[in-house]
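Undergrad: Would you be able to build a 3D model of this:
(one chain, ligands or ions: 1)
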Amino acid sequence: QRARRAAVANLPGPYCFPVLGAVQLMCKLNPKTFIKTSHEQVKKLGTLQRAWVLNRLLIVSCDVEFNEQLLASQEHLVKLPAYMVLGQWLGNGLLLSDGKAWHQRRKIITPTFHFAILEQFVEVFDQQSNICVQRLQQKADGSSIFDVYPFICLATLDIIAETAMGTKVNAQMADQMTPYVNAVNECTALFAWRFMSVYAQNELLFTLLHPLLKLRQSKLIRIMHEFTTKVIEQRRQTLEKKQQSEDSTVESEQVLGKKRRMALLDVLLQASVEGRPLRNDEIREEVDTFMFEGHDTTTSAISFCLWQISRNPEVQQKMLAEILQVLGTDRNRSINIRDLNELKYMECVMKESLRMHPPVPVLGRTLKNDFKYTHSTLGDGVIPAGSEVIMGLIGMHHQEKYFPEPEVFRPDRHDHEERTSSYAYVPFSAGPRNCIGQKFAQLEMKMLLAKIVREFELLPLGEPIEMVVNIVLRSDNGFQLGMRRRNLSI
Ligand code: HEM
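TA: Predicted structure coming up:
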């Protein structure tokens, strides 16, 4: 303990009581105060700090130099214990695993996001975005104030289910939530609460203090696991039938329907580790990970972006001009990946929204070995093994040094990116554990934004957003705005 204290003596930090540590700060932190309190701490003590909580050494950093070295490292890839609240659902999937298991899976999964596969997914984005636009019509009277989040949430759920599993869950069309869709939504909300609660992160304390919630959690996880297992089994059988067929083209058309799209699951079914195919439970972990990572994150990203567009009419006008120029006014023409790649101004708008409101606002690593860093002002140092490092992406994105007037929504700043360090802007993280679904997410965002902005004028109605950290960043009072249908013939 003494050696650990000495190692970080060069770093500033809040007052730490003997034995207990920085309890006064911990008591202040909750999902709603997290952003404000962290911001105040940075102002007071700087971008790199240490804090003790009991015998845990926490390093809290929104220091670009420091985070760059840690994120780029091939050695420090183990996640924080807090992530393990998701363990029962996601198992050893890509988000939570480390070591050899993570390396093997990452190698297998990387090709699933290949351009040719993404190109097919864009068809799903297109169809599901049409449904989303249809559902939004009911609100587009020019005066109603509503929260756009639930609409986007169901659209992204439909998209991720169809692309990850090759199965439609029809979340947008159903009058009632299916048990699976309901379980995904309820479980992510439950995990969000546990993630931010110091005691409920611990499985034992959670079980002892909230036995009914624990039972509910187990039931929801069982529903989700049963659903994904069934989909995987069916898909495996279909694939085996296809492989047995002599005339694969004719046969596959009969078995799978005329137009068969590859799902992320298919790539996993055909993959092998050390000469053996992946087992169903291993595949399930990855499919569940996509369902979690690819749903809440994109919902928040799109909702924040729509809210910002509604509050910045000149940005909206510029976006609309580009959309009409690239996509035209024909609602029946499907939008493809090449169209989306041409929406350059929209890219700047998305980037600016992801800068101000990164859906994953903080990341964490547990150091298994000492981490040596160099720093231009703090000098060289070592963070001892066993420390937990919390990297504030949102804190980096709001630094005046890299983003002048950081609280102003200004998409043009991404026109010519001239930042000294590209690590100052990392909404998808960076380095070996960066987001594997980045390209997927960007295309999905573009499709939904393009269709919504082309169809509706977004109006600045309702209350401002109030950022809250629930694993992903959300708004506590929703994403309130208004909509008015555009006259596209003009
Ligand atoms: C705007 C949307 C998204 C954002 C902002 C985002 C952001 C991130 C970030 C910051 C990480 C690093 C997490 C960490 O180190 O703890 C991550 C990891 C990951 N993301 Fe995303 N993500 C998005 C969408 C997606 C989508 C659509 C998918 C899948 C279809 C996906 C799959 C994953 C996976 C599997 C990992 C773990 C990668 C690994 O550890 O090797 N993400 N994401």
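Undergrad: What ranges in the stretch 351-490 of the chain fall below the confidence cut-off?
TA: Along the stretch 351-490 of the chain, segments meeting pLDDT under 70 span 417-421, 489-490.
Undergrad: again, only this time at 90
TA: 377-379, 415-422, 469-471, 487-490 (pLDDT under 90).
Undergrad: how close does residue 205 sit to the ligand?
TA: 23 Å (C-beta to the nearest ligand atom, to the nearest Å). Where C-beta positions appear, they are placed from N, C-alpha and C, glycine not excepted.
Undergrad: Kindly report the same for residue 436.
TA: 5 Å.
Undergrad: Looks to me like that residue is in a strand.
TA: No: using DSSP: H, G, I helix; E, B strand; the rest coil, the assignment for residue 436 is coil, not a strand.
Undergrad: Go ahead and confirm it touches residue 110.
TA: Yes: using C-beta atoms under 8 Å, residue 436 makes contact with residue 110 at a distance of 6.7 Å.
Undergrad: Who has more neighbours out of those two?
TA: The neighbour count for residue 436 versus residue 110, taken as other C-beta atoms under 10 Å, is higher for residue 436 (20 against 11).
Undergrad: and the more buried one, what does it touch?
TA: With contact set as C-beta atoms under 8 Å, 6 or more residues apart in numbering, residue 436 has these partners: 94, 106, 109, 110, 113.
Undergrad: from the middle of its chain, how far away would the top helix by length along the chain be?
TA: Longest helix in the chain by number of residues (criterion: DSSP state H): helix 211-244. Counting by C-alpha atoms, centre = their mean, to the nearest Å, helix 211-244 is centred 22 Å from the centre of its parent chain.
Undergrad: Next, the buried residues of it.
TA: Buried residues in helix 211-244, defined by neighbour count with 16 or more other C-beta atoms under 10 Å: 217, 220-221, 223-225, 227-228, 231-232, 235-236, 238-239.
Undergrad: do stretch 70-77 as well
TA: 70, 71, 73, 76, 77.
Undergrad: for residue 236, what are its contacts?
TA: Counting by C-beta under 8 Å, 6+ apart, residue 236 has contacts 269, 280.
Undergrad: Could you pull up the mean pLDDT of the longest helix of the chain?
TA: For helix 211-244, mean pLDDT is 90.
Undergrad: Let me see the ranges of the strands in this protein.
TA: In the chain, the strands defined using DSSP state E lie at 48-53, 56-61, 146-147, 272-273, 276-277, 362-366, 371-373, 381-383, 388-392, 456-459, 467-470, 472-475, 480-485.
Undergrad: helices or strands up against the first one?
TA: Taking 3 or more C-beta pairs under 8 Å, 6 or more residues apart in numbering; DSSP states H and E as the contact definition, the neighbouring helices and strands of strand 48-53 are helix 23-28, strand 56-61.
Undergrad: Relative to the ligand, which of these is closest?
TA: strand 56-61 (14.0 Å; C-beta to the nearest ligand atom).
Undergrad: Quick one: the buried residues of stretch 70-77 as CSV, columns for distance to the ligand and pLDDT too.
TA: Output for the buried residues of stretch 70-77, formatted as CSV (distance: C-beta to the nearest ligand atom, whole Å; pLDDT from 0 to 100):
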residue, distance to the ligand, pLDDT
70, 11, 97
71, 8, 97
73, 12, 95
76, 11, 93
77, 8, 93
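Undergrad: how far away is the closest residue to residue 98 other than its chain neighbours from residue 195?
TA: Sequence neighbours aside, residue 78 is the residue nearest to residue 98 in space, at 4.6 Å (criterion: C-beta to C-beta, 6 or more residues apart in numbering). Going from residue 78 to residue 195 by C-beta to C-beta, to the nearest Å gives 17 Å.
Undergrad: number of nearby residues for residue 67?
TA: Residues near residue 67, counting by other C-beta under 10 Å, number 28.
Undergrad: Oops, could you answer that again for residue 184 instead?
TA: Neighbours around residue 184, by other C-beta under 10 Å: 28.
Undergrad: repeat for residue 269
TA: Residue 269 has 18 neighbouring residues, counting by other C-beta under 10 Å.
Undergrad: Also residue 143?
TA: Neighbour count of residue 143, defined by other C-beta under 10 Å: 9.
Undergrad: about what we covered before: out of the buried residues of helix 211-244, who's nearest the ligand?
TA: Checking these against the ligand by C-beta to the nearest ligand atom gives residue 228 as the nearest, at 14.5 Å.
Undergrad: from what I can see that closest one touches residue 288, true?
TA: Yes: Residue 228 is within contact range of residue 288, at 5.9 Å (criterion: C-beta under 8 Å).
Undergrad: got the buried residues of helix 211-244 as JSON lines, with distance to the ligand columns?
TA: Below are the buried residues of helix 211-244 laid out as JSON lines (distance: C-beta to the nearest ligand atom, whole Å):
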{"residue": "217", "distance to the ligand": "21"}
{"residue": "220", "distance to the ligand": "21"}
{"residue": "221", "distance to the ligand": "18"}
{"residue": "223", "distance to the ligand": "21"}
{"residue": "224", "distance to the ligand": "16"}
{"residue": "225", "distance to the ligand": "18"}
{"residue": "227", "distance to the ligand": "18"}
{"residue": "228", "distance to the ligand": "14"}
{"residue": "231", "distance to the ligand": "16"}
{"residue": "232", "distance to the ligand": "17"}
{"residue": "235", "distance to the ligand": "17"}
{"residue": "236", "distance to the ligand": "21"}
{"residue": "238", "distance to the ligand": "22"}
{"residue": "239", "distance to the ligand": "21"}
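Undergrad: possible to save those residues as TSV with distance to residue 44?
TA: As requested, the buried residues of helix 211-244 are arranged in TSV below (distance: C-beta to C-beta, whole Å):
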residue	distance to residue 44
217	38
220	41
221	41
223	46
224	43
225	46
227	48
228	46
231	51
232	51
235	54
236	56
238	59
239	58
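Undergrad: Restricted to helices, list the buried residues of stretch 70-77.
TA: The subset of the buried residues of stretch 70-77 that ends up in helices is 70, 71, with DSSP H as the criterion.
Undergrad: residues touching the closest residue to residue 88 other than its chain neighbours, list them.
TA: Leaving aside its sequence neighbours, residue 88 sits nearest to residue 221 (C-beta to C-beta, 6+ apart; 5.5 Å). If you count contacts by C-beta under 8 Å, 6+ apart, residue 221 has them with 88, 89, 183, 187.
Undergrad: how far away is the second one from residue 220?
TA: Same thing as residue 89. 8 Å.
Undergrad: Which residue, other than its chain neighbours, is closest to the residue in the chain positioned nearest to the ligand?
TA: For the chain and the ligand, the shortest gap (C-beta to the nearest ligand atom) falls at residue 437, measuring 2.3 Å. Of all residues beyond its chain neighbours, the one nearest residue 437 is residue 294 (5.5 Å), with distances taken as C-beta to C-beta, 6+ apart.
Undergrad: Pull the contacting residues for that neighbour.
TA: Residues in contact with residue 294 (C-beta under 8 Å, 6+ apart) are 156, 160, 164, 437, 440, 441.
Undergrad: Kindly report the same for residue 159.
TA: Per C-beta under 8 Å, 6+ apart, neighbours of residue 159: 124, 125, 128, 298, 444.
Undergrad: what's the answer for residue 404, then?
TA: The contact partners of residue 404, taken as C-beta under 8 Å, 6+ apart, are residue 413.
Undergrad: can you rerun that using 10 Å?
TA: 410, 413 (C-beta atoms under 10 Å, 6 or more residues apart in numbering).
Undergrad: Relative to residue 303, how far out is residue 155?
TA: Taken as C-beta to C-beta, the span from residue 155 to residue 303 is 11 Å.
Undergrad: do the same with residue 440
TA: From residue 440 to residue 303 the distance is 18 Å (C-beta to C-beta).
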